[in-house]
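Asker: What shape does this take:
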Amino acid sequence: MFDALEISLRMVASLREPLRELQRKDPDLYRQVRRAAASVTLNLAEGRRRAGGDRVHLWRVAAGSADEVHSALRTAVALGDLREEDLAECFELLDRVLAMTWKLTH
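Answerer: Prediction:
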């Protein structure tokens, strides 16, 4: 089992309800968050099967996508489209993914 991948899948699952709300209020931001969240998981999985610098590159991309999800959700909160308290689990899981990807890349 690859813990970073499993945590990223939990993060994606935690977005189900908030994304439904965001899709209604800001379809463009919804699509961006959805793509970035999927990118986290997909790049972690692909990196797991690669070797050398290629592996590290994919894990860096996953970290970048996780940071993008975090920033996009904060933007949605700032715009009044989502409530921060509804994103607490997702933010916690994103922090874990970012810590794990930092360890994987350093």
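Asker: which ones are touching His57?
Answerer: For His57, the contacting residues are Gly47, by CB atoms under 8 Å, 6 or more residues apart in numbering. Quick note: C-beta positions are derived from backbone N, CA and C, even for glycine.
Asker: Now the helix or strand harbouring it: buried residues?
Answerer: Assessed by DSSP states H and E, His57 sits inside helix 52-78. Using 16 or more other CB atoms under 10 Å as the test for burial, helix 52-78 gives 55, 58-70, 72-73, 76-77.
Asker: Please work out the average pLDDT along the helix or strand following that helix.
Answerer: Going down the chain from helix 52-78, the next helix or strand is helix 88-105, by DSSP H and E. When pLDDT is averaged over helix 88-105, the result is 98.
Asker: what packs against helix 88-105?
Answerer: Here helix 88-105 touches helix 3-14, helix 27-48, helix 52-78, going by 3 or more CB pairs under 8 Å, 6 or more residues apart in numbering; DSSP states H and E.
Asker: Throw these into JSON lines and include mean pLDDT and distance to Asp95, thanks.
Answerer: Output for the helices and strands packed on helix 88-105, formatted as JSON lines (pLDDT from 0 to 100; distance: least, CB to CB, whole Å):
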{"stretch": "helix 3-14", "mean pLDDT": "98", "distance to Asp95": "10"}
{"stretch": "helix 27-48", "mean pLDDT": "98", "distance to Asp95": "13"}
{"stretch": "helix 52-78", "mean pLDDT": "97", "distance to Asp95": "8"}
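Asker: Tell me how far the spatially closest residue to Arg60 that is not a sequence neighbour lies from Gly64.
Answerer: Residue nearest to Arg60 in three dimensions, not counting chain neighbours: Thr105, with 5.4 Å by CB to CB, 6 or more residues apart in numbering. Computed as CB to CB, to the nearest Å, the Thr105 to Gly64 distance reads 11 Å.
Asker: next one: Leu79
Answerer: Relative to Gly64, Leu79 is positioned 22 Å away (CB to CB).
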